[in-house]
Every structure is written in C-alpha cells, then in structure tokens.
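**Student:** Give the three-dimensional model of this entry:
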Amino acid sequence: MVNTAYHRVVIAGAVQLLLMATCCLAQELPHDRSCTVDAAGIFATPEGQDRDNFNHGGWGFQGGGGFAITRQAEPNRGVRWYLTGNYLYDKFRVRKSALAGAIAQEPQITGAVSAHGSFSAITFDPTLRYTRGRYGFYGVGGFGWLRRGIGFNGANTVPPLFPNGSSLARVSSNSGVFDFGVGFNFAPGWLHGWMLFTEGRVYHGTAINSGSTLVPISLGVRW
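**Tutor:** As a prediction, this is how the structure comes out:
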C-alpha cells in the first residue's frame with residue numbers, strides 16, 4: 001500500500017510539472033526586437049534595357065541588419081521604425097541573341113561561347129515594420145551602390161569598355177541605385193523568436209546603370 005501511494009504521488013507530481021511546463025511554454029515571452037538581422041535566397045528578373053540582355057530568372061542571395069529607432073507601445077504589437085543596411089548579389093546568363101549581337105559589333109570577343117551578368121548592391125534602407133503577434137508587414141526603401149559586371153567565356157581579350165557601344169558594352173560599371181519593397185514576417189513558435197519572411201523589392205540603377213532594373217523575390221529568416 002505504501003509503495004502504491006508513493007507511486008501515485010510521484011505520478012501526480014510529474015503530471016503537475018508537465019502541465020506547468022506546458023503552460024509556461026504557451027506563454028510566449030516578448031522578444032527583444034531592438035536590433036534585426038536577416039539572410040535570404042532570392043530569385044530575380046531583370047527589367048529595363050537589361051530585359052533584352054539576360055535570361056528572365058537568376059538565383060542569388062541577400063543579407064542585412066540594423067536597429068530600431070522607435071519603440072512599440074506594446075510588445076509584439078504596433079509600428080516601429082528601423083534603420084537597416086542590405087547586401088544583394090545575383091547572377092544571370094546572357095541571352096544568346098544579345099551575345100550574338102555583341103560579337104557582331106565587337107571583334108575582340110569573337111571567341112566567346114557564352115556570357116553572364118552579375119549584380120551587387122549595398123543599400124541603406126529606412127524600414128517601417130508593423131507587428132501583430134506572430135505576424136507582421138513592412139515597407140522598405142532607400143539608396144545605395146550598384147555594381148553591374150559582364151563576363152565572357154571563351155574570349156581571349158576583353159577590354160573594359162567596347163568602342164562600338166553594344167548592349168553589353170560595359171564589362172564593369174558602378175553607380176547609385178534606388179530600392180523599395182514590401183514584405184511579410186511570420187514567427188512560428190518552434191523558431192523561438194526567429195521569423196520567416198518573404199519580400200518583393202525593386203532596384204533601379206542611376207547614371208551609367210540607368211538601364212538596369214532588378215526585381216528580386218526573397219525567402220529567408222530574420223530576427
């Protein structure tokens with residue numbers, strides 16, 4: 001009888017501890033969102049003049065971070081401003097028609113069998129984020145630096161700038177860039193404060209890169 005009563009007490013205590021732990025886990029504590037960091041894979045399409053130069057679809061990545069400059073009235077609820085920085089890299093294959101046109105105009109690259117374009121951007125982006133529990137939306141926009149590069153495979157000598165000014169004339173060009181976008185955050189409980197996000201953004205180059213526009217769609221994780 002003593003052992004039976006003891007076992008009952010142990011089982012009852014274990015059940016009570018399990019219930020208490022479950023209750024504590026269900027009460028999600030507010031997370032510190034005074035800083036933010038993110039990383040994502042992206043799939044982008046070229047627009048503007050580069051729509052005719054590159055295949056419609058290139059894989060890349062982006063990453064960034066920043067800090068909040070305002071506070072929310074309630075934890076995990078309300079509007080908050082952030083100052084963020086973002087880095088993007090994407091790569092595209094050059095269309096065969098664009099490569100053929102460049103070869104016809106530029107004898108220096110007659111041996112080229114293929115080509116690719118790469119884009120790198122670093123931007124400074126004020127961000128407005130609205131959060132409601134596990135869900136959130138945000139808008140972002142800013143300005144920064146864009147590098148557009150062209151690589152030819154098979155060509156022996158490639159000058160930095162072709163004299164005939166073909167559509168692929170700039171092997172490397174740097175300029176400013178404007179960007180803006182919107183996104184959606186979701187914080188599942190099993191990520192313990194980390195959020196999944198998806199985002200659509202537009203990058204538009206200035207000056208020498210004014211004909212370059214990128215439209216990346218990203219999927220990643222964020223704090």
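**Student:** tell me the contacts of residue 141?
**Tutor:** Contacts for residue 141 (Cβ atoms under 8 Å, 6 or more residues apart in numbering) come out as 125, 126, 178, 179, 180, 181. In short, each C-beta sits where N, CA and C put it, glycine included.
**Student:** what's the answer for residue 214, then?
**Tutor:** So residue 214 contacts 44, 45, 46, 47, 88, 90, 119, 121, 202, 203 (Cβ under 8 Å, 6+ apart).
**Student:** again, but for residue 220
**Tutor:** Each residue near residue 220 by Cβ under 8 Å, 6+ apart is listed here: 38, 39, 40, 41, 62, 196, 197.
**Student:** what's the following helix or strand after the worst-scoring helix or strand of the chain on mean pLDDT?
**Tutor:** Least confident helix or strand, the chain: helix 2-26 with a mean of 45, by mean pLDDT, DSSP states H and E. Counting by DSSP states H and E, the next helix or strand C-terminal to helix 2-26 is strand 35-48.
**Student:** from the chain's centre, how far out does that following strand sit?
**Tutor:** 2 Å (Cα atoms, centre = their mean, to the nearest Å).
**Student:** okay, the angle between whichever helix or strand comes after that strand and strand 35-48?
**Tutor:** Toward the C-terminal end, the helix or strand that comes next after strand 35-48 (DSSP H and E) is strand 58-68. Per axes from the mean of the first three to the mean of the last three Cα atoms, to 10 degrees, the angle that strand 58-68 makes with strand 35-48 is 140 degrees.
**Student:** now for strand 58-68, which elements pack on it?
**Tutor:** If you count contacts as 3 or more Cβ pairs under 8 Å, 6 or more residues apart in numbering; DSSP states H and E, strand 58-68 packs onto strand 35-48, strand 77-93, strand 114-132, strand 212-222.
**Student:** which other helices and strands contact the third one?
**Tutor:** Right, strand 114-132. strand 58-68, strand 77-93, helix 96-105, strand 135-153, strand 172-186, strand 195-205, strand 212-222.
**Student:** Pick out the residue closest to the middle of this protein.
**Tutor:** residue 62 (3.9 Å; Cα atoms, centre = their mean).
**Student:** What residues does that residue make contact with?
**Tutor:** 39, 40, 42, 86, 87, 88, 89, 216, 218, 220.
**Student:** Residue 199 contacts residue 181, correct?
**Tutor:** Yes: applying Cβ atoms under 8 Å, one finds residue 199 in contact with residue 181, separated by 5.7 Å.
**Student:** Would you mind grabbing the residues shared as contacts by these two?
**Tutor:** residue 140.
**Student:** Pull up the distance across stretch 191-199, start to finish.
**Tutor:** In stretch 191-199, first residue to last residue: 19 Å (Cα to Cα, to the nearest Å).
**Student:** Would you pull up how far it lies from the middle of the chain?
**Tutor:** 13 Å.
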